[in-house]
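1. build me a model from this:
(chains A and B)
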Amino acid sequence: MANSNLPRRIIKETQRLLSEPAPGISASPSEDNMRYFNVMILGPTQSPYEGGVFKLELFLPEEYPMAAPKVRFLTKIYHPNIDKLGRICLDILKDKWSPALQIRTVLLSIQALLSAPNPDDPLSENIAKHWKTNEAEAVETAKEWTRLYASGA
Amino acid sequence: MDGGTSSDEDYYSSDSESLNGLENDEFDLNWASSKGPSTRVIRKESLLDAQKDDLQRVMDVLSLREHHARALLIHYRWDVEKLISVLVEKGKSCLLNIVGIPDVEEQGKNPSAASSTEMCDICMEEISGRDATRMDCGHCFCNNCWTEHFIVKINEGQSRRIRCMAHKCNATCDDSIVRTLVRRRHPDLAEKFDRFLLESYIEDNKMVKWCPSAPHCGNAIRVEEDEFCEVECSCGLQFCFSCLSEAHSPCSCSMWELWTKKCRDESETVNWITVHTKPCPKCHKPVEKNGGCNLVSCICGQAFCWLCGGATGRDHTWSSIAGHSCGRYKEDQEKKAERAKRDLYRYMHYHSRYKGHLDSFKLENKLRETIQEKVSNSEKKDSTLRDFSWVTNGLYRLFRSRRVLLYSYPFAFYMFGEELFKDEMTDKDRELKQHLFEDQQQQLEQGVERLSKFLEEPFDQYDEKKVMDIRMQVINLSVITDNLCKKMYECIESDLLGSLQLGTHIIAPYLSKGIERASELAASLSTRMDDSDKFYSSDFSKADDSGCSSRKRARKESRLFDLNMPAEGH
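-> Predicted structure coming up:
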């Protein structure tokens, strides 16, 4: 495996993720590929996702940290900036990526996105429309989905 | 016509200027000299000089370093006036903020000279101070990471604005640092970077455009004030600066685009076929009804009803087909057919005239060869007539006016048609304007045809008196057609396009002496050559195998009436 010449940066980031994890976030590298991380994010309190455990996958491409990590939700989630394949619409994962950002900061940003959905920059047109026309109902659906798919069973 | 006395007396009396023209033997100089050209050719070699002026101005006004001035200029698309107006309006610090230039220039001018070791926040390696670089914004990372970052950004096509690696830092990286670091690992990429920066002056600048010649001559053209103009590159190509297609005034760019498209896909023909024919229900060939009753029979033998298109038997009377009834006469279909027919005839009217002038233009282009011969024959003759500049001038005028005439037809097609300006004028208004325009067009047409006729005369075989007559006619007609062209442009600019409420159509101005040839940009406007200059010029001359070929077209020698042929419209 290419793990033998893993850049020092990745090793350091991994160590820190494991030794001092951010609250509500856990990320651990896969055993056979140190660039592939299994991630869990707890739904933030006071959000429709509260009580849910969301699984994500995170992959560090060859160019990392010059290129952004690739992150995707594995757990089904009802959110205007996340599509049905789990892809996330977040600026720092695209053109606003900076090599100074880290796995930790990316995951914290995703956690923040769960607290503050942004229906004006949607990835999922239908959900965003739902959010804008009837937010209460959309929130209910999100809660429902959290209960159905993210109850950590 | 006998070439001597003219029956069109009104030509002589109608225009007092024409007489002035006659008396003035030097009249050709009137249009050969005027103020210097306002367009410049920028060659690959002069590209650096071309942008130096703008850079220097901004550097002076804001006391900035070159890469900061460039970042600002790229942001404002090399529009110095715009940049200055923002400066006046919002102040320096706001302006600098937009592209992330630190207001205090002094900070970090000396990239961390400290030799102590530090950790780079990107790769998390311990590095000694001399292997790290601090940007103007104060962020310091190791050279390795900077290099990686630059390479990624250059390859992403973002050379013109490479941002600092720090999160949310808006600062543009110093291009001399980018150059130096990238060169160490990828000299080729460093050259590419330099070229991208240089070419920004063309690509991000609305007053500069690449010459559209193919194969590309490597030049760009800069205009000074008005982007709606027609220019000639030093490679000989004439084009409309605004839309980069052939010079097409007095047609506006959008009219010309519509026209060429229309001619290309012959949409009217297709239109006609769909409205005037119906597919045979058996063989599916389009069938046209050429008269008679509504029972149509296809050449394949199948009979069908023209009204509904359904197959029928052959027994019929004038008003009905045996065993077939398909309802009533459809009025809207009839109307549609009427309109399509009218539109087609209208298009054909304009297109045939356009095409006619295009053909004449091509034929007359051959004339210049034969006419040279006639001139040299005449010069050999023992005669008091020595000066034959009236011939070449006349020929030049003929080409010039023919072009105007040529493009005036597509113009009229759109100006007085329904496609573009349906709601701009009342029918009556339209009719009035159309008459006004067509009168002018007709006058010009007459002038041009007569000029053409006189120039075709075998004057080298005539006696002196007859030659003098022709000379007078040619000079006279040259002045007349020139004036008529001028008037037509004026009419279009002020009375026709000028009065539009909704759309804006701008045409290039009429220039009697023809499309101006862009002059060469002085090889070196700046005498000072600092280090970065050397960097540039040496890099740039090496980058020859790039996309824009440096091969120049052979310059044409005799340029006097080498007008470009307009493209075939279809």
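2. OK, contacts around the residue nearest the centre of chain A?
-> Centre of chain A computed as the mean C-alpha position; nearest residue by Cα atoms, centre = their mean is residue A:110, 4.5 Å away. Counting by Cβ atoms under 8 Å, 6 or more residues apart in numbering or on different chains, residue A:110 touches A:41, A:56, A:71, A:88, A:90. Heads up, the C-betas are built off the backbone N, CA and C, glycines and all.
3. helices along chain A, start to end?
-> Using DSSP state H, the helices of chain A run over A:8-19, A:103-115, A:125-133, A:135-149.
4. between these, which one is nearest to residue B:383?
-> Among the helices of chain A, the nearest to residue B:383 by Cβ to Cβ is helix A:125-133 (84.4 Å).
5. which parts of that closest one are buried?
-> The neighbour-count check on helix A:125-133 (16 or more other Cβ atoms under 10 Å in any protein chain shown) flags A:127-128, A:130-131 as buried.
6. on that earlier part again, and the residue nearest to the centre of chain A, how far from residue A:145?
-> From residue A:110 across to residue A:145, the span is 17 Å (Cβ to Cβ, to the nearest Å).
7. run the contact check for stretch A:12-20 versus chain B.
-> Yes - Stretch A:12-20 reaches chain B (Cβ under 8 Å from any Cβ of the partner chain) through A:12-13.
8. columns mean pLDDT and distance to residue B:258 on top of the helices of chain A, output as TSV?
-> Formatted as TSV, these follow (pLDDT from 0 to 100; distance: least, Cβ to Cβ, whole Å):
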stretch	mean pLDDT	distance to residue B:258
helix A:8-19	92	57
helix A:103-115	94	47
helix A:125-133	85	35
helix A:135-149	91	47
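9. show me the domain layout of chain B.
-> B:9-33+B:344-514, B:117-185 (automatic domain parsing).
10. just how off-centre is the shortest one within its chain?
-> What it means is domain B:117-185. Relative to the chain's own centre, domain B:117-185 is displaced by 41 Å; criterion: Cα atoms, centre = their mean, to the nearest Å.
11. pLDDT of that domain, averaged?
-> In this model, domain B:117-185 has an average pLDDT of 89.
12. now do the first one
-> Domain B:9-33+B:344-514 shows an average pLDDT of 81 in the prediction.
13. give me the pLDDT for residue B:111.
-> As predicted, residue B:111 sits at a pLDDT of 47.
14. near chain A, which residues of chain B show up?
-> B:121-125, B:145, B:148-149, B:151-152, B:165-169.
15. biggest separation within these, which pair?
-> Taking Cβ to Cβ, no two of the residues of chain B next to chain A sit farther apart than B:125 and B:168, at 23.5 Å.
16. more neighbours: which of the two?
-> For the pair residue B:125 and residue B:168, the greater number of neighbours falls to residue B:125 (17 against 11), based on other Cβ atoms under 10 Å in any protein chain shown.
17. which non-adjacent residue is nearest that one?
-> Distances taken as Cβ to Cβ, 6 or more residues apart in numbering or on different chains place residue A:8 nearest to residue B:125, at 5.6 Å, with adjacent residues excluded.
18. how about that neighbour, what does it touch?
-> B:123-125.
19. any idea how far it is from residue A:99?
-> Applying Cβ to Cβ to residue A:8 and residue A:99 gives a distance of 14 Å.
20. what's the average pLDDT for stretch B:249-258?
-> Rounded mean pLDDT across stretch B:249-258 is 89.
21. stretch B:217-228 now?
-> Here the average pLDDT along stretch B:217-228 is 85.
22. coming back round to it: turn the domains of chain B into TSV, columns for distance to residue A:22.
-> Output for these, formatted as TSV (distance: least, Cβ to Cβ, whole Å):
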stretch	distance to residue A:22
domain B:9-33+B:344-514	57
domain B:117-185	17
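23. what's the most buried one of these?
-> Among the domains of chain B, domain B:117-185 has the highest mean neighbour count (mean count of other Cβ atoms under 10 Å in any protein chain shown), at a mean of 19.
24. endpoint to endpoint, that domain covers what distance?
-> 23 Å (Cα to Cα, to the nearest Å).
25. repeat for stretch A:112-126
-> End-to-end for stretch A:112-126, by Cα to Cα: 22 Å.
26. that stretch: which residues count as buried?
-> By 16+ other Cβ under 10 Å, the buried positions in stretch A:112-126 come out as A:113-114, A:117, A:119, A:122-124.
27. so which of those residues comes closest to chain B?
-> Set against chain B, the nearest of those by Cβ to the nearest Cβ is residue A:113 (16.4 Å).
28. wait, what's in contact with the closest one?
-> Residue A:113 touches A:79, A:81, A:88, A:90, counting by Cβ under 8 Å, 6+ apart.
29. compare those residues and tell me which has the most neighbours.
-> Most surrounded of the contacts of residue A:113: other Cβ under 10 Å gives residue A:79, at 27 neighbours.
30. against chain B, how distant is that one?
-> According to Cβ to the nearest Cβ, to the nearest Å, residue A:79 and chain B sit 24 Å apart.
31. surely that residue and residue A:142 touch.
-> Yes - if you go by Cβ atoms under 8 Å, residue A:79 and residue A:142 touch, sitting 6.7 Å apart.
32. shared neighbours, these two?
-> Residues touching both residue A:79 and residue A:142 (Cβ under 8 Å, 6+ apart) are residue A:49.
33. a markdown table please, covering the contacts of residue A:113 and showing pLDDT.
-> Converted to a markdown table, those look like this (pLDDT from 0 to 100):
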| residue | pLDDT |
| --- | --- |
| A:79 | 91 |
| A:81 | 89 |
| A:88 | 90 |
| A:90 | 88 |
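34. now distance to residue B:55 too, for the residues you listed, in CSV please.
-> As requested, the contacts of residue A:113 are exported to CSV (distance: Cβ to Cβ, whole Å):
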residue, distance to residue B:55
A:79, 48
A:81, 42
A:88, 42
A:90, 37
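35. nearest to chain B, of those residues?
-> For these, the closest approach to chain B (Cβ to the nearest Cβ) belongs to residue A:90, at 13.4 Å.
36. next, the contact list for the closest one, please.
-> A:81, A:109-110, A:113.
37. just flag the most distant two among those.
-> A:81 and A:109, at 11.2 Å, using Cβ to Cβ across the contacts of residue A:90.
38. and the buried residues of helix A:125-133, which is closest to chain B?
-> residue A:128 (25.6 Å).
39. dump the residue contacts of the closest one.
-> Residue A:128 touches A:80, A:119-120, A:122, counting by Cβ under 8 Å, 6+ apart.
40. ok, residue B:138 to chain A distance?
-> Residue B:138 is 13 Å from chain A, by Cβ to the nearest Cβ.
41. can you pull out the helices in the stretch 151-300 of chain B?
-> With DSSP state H, counting those that start in this stretch, the ranges of helices along the stretch 151-300 of chain B come out as B:175-185, B:187-203, B:253-265, B:267-276.
42. sounds good, over and out.
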